[in-house]
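Enquirer: how would this look folded up:
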Amino acid sequence: MKRMTRKIFQNLSSLLLGLYGSLSLLMAQSSTGIDQATTEISSYVDPVSNLIIAIGAVVGLIGGVRVYIKWQSGDQDTQKAIMGWFGACLFLILVGVVIKAFFS
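Expert: Residues are numbered from 1 along each chain as shown. Just a heads-up that it's a prediction; the model follows:
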């Protein structure tokens, strides 16, 4: 029984030492990788946020035309359409601004 306990203890200690060695190696590599990923993500932030803001502007123009057509035809639900399109445009524009603020 003592031999089995000693063998388990030796195996467990060598496993822990191996994990510690590989973990310290991973930590040294991960800081370089994190710095590189941060630089790369920062280079994509401005174009992506500008694209989202541009999509919001296009959605706003299309929504404005659709609401105008509904209003001219005398539909009763123009206020609901205005709120829906306005909410969509506001959401897209705010997402673009928040992305810039969060990653810059």
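Enquirer: low pLDDT regions in the protein?
Expert: 1-4, 9, 16-17, 19, 21-30, 104 (pLDDT under 70).
Enquirer: again, 80 this time
Expert: By pLDDT under 80, the low-scoring segments of the chain are 1-35, 37-38, 103-104.
Enquirer: I'd like to know which elements the longest helix seen in it is packed against.
Expert: For the chain, the helix that runs over the most residues, judged by DSSP state H, is helix 2-73. Secondary-structure packing of helix 2-73 (3 or more C-beta pairs under 8 Å, 6 or more residues apart in numbering; DSSP states H and E): helix 78-103. For every residue, glycine as well, the C-beta is placed using N, CA and C.
Enquirer: next one: the helix it packs on to chain centre, how far?
Expert: 17 Å (C-alpha atoms, centre = their mean, to the nearest Å).
Enquirer: same thing with stretch 97-104?
Expert: Taking C-alpha atoms, centre = their mean, one finds the center of stretch 97-104 at 11 Å from the center of the full chain.
Enquirer: same deal with stretch 39-47?
Expert: That offset, for stretch 39-47, works out to 12 Å (C-alpha atoms, centre = their mean).
Enquirer: can I get that stretch as CSV, trimmed to CA atoms?
Expert: Only the C-alpha atoms of stretch 39-47 are listed here, as CSV (Å, rounded to 0.1, in the frame of the first residue of the first chain):
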residue,chain,number,x,y,z
THR,A,39,-2.5,46.1,-32.3
GLU,A,40,-4.4,44.2,-35.1
ILE,A,41,-7.8,44.8,-33.6
SER,A,42,-7.1,48.5,-33.2
SER,A,43,-6.3,48.8,-36.9
TYR,A,44,-9.8,47.4,-37.7
VAL,A,45,-11.8,49.6,-35.3
ASP,A,46,-12.0,52.8,-37.4
PRO,A,47,-13.0,51.2,-40.7
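Enquirer: pull out the buried residues from it.
Expert: For stretch 39-47, the neighbour count (16 or more other C-beta atoms under 10 Å) marks no residue as buried.
Enquirer: for Arg6, what are its contacts?
Expert: Taking C-beta atoms under 8 Å, 6 or more residues apart in numbering, we find Arg6 in contact with no residue.
Enquirer: before we move on, the earlier item: what's the angle between the longest helix of the chain and helix 78-103?
Expert: Helix 2-73 and helix 78-103 are oriented at 140 degrees to each other (axes from the mean of the first three to the mean of the last three C-alpha atoms, to 10 degrees).
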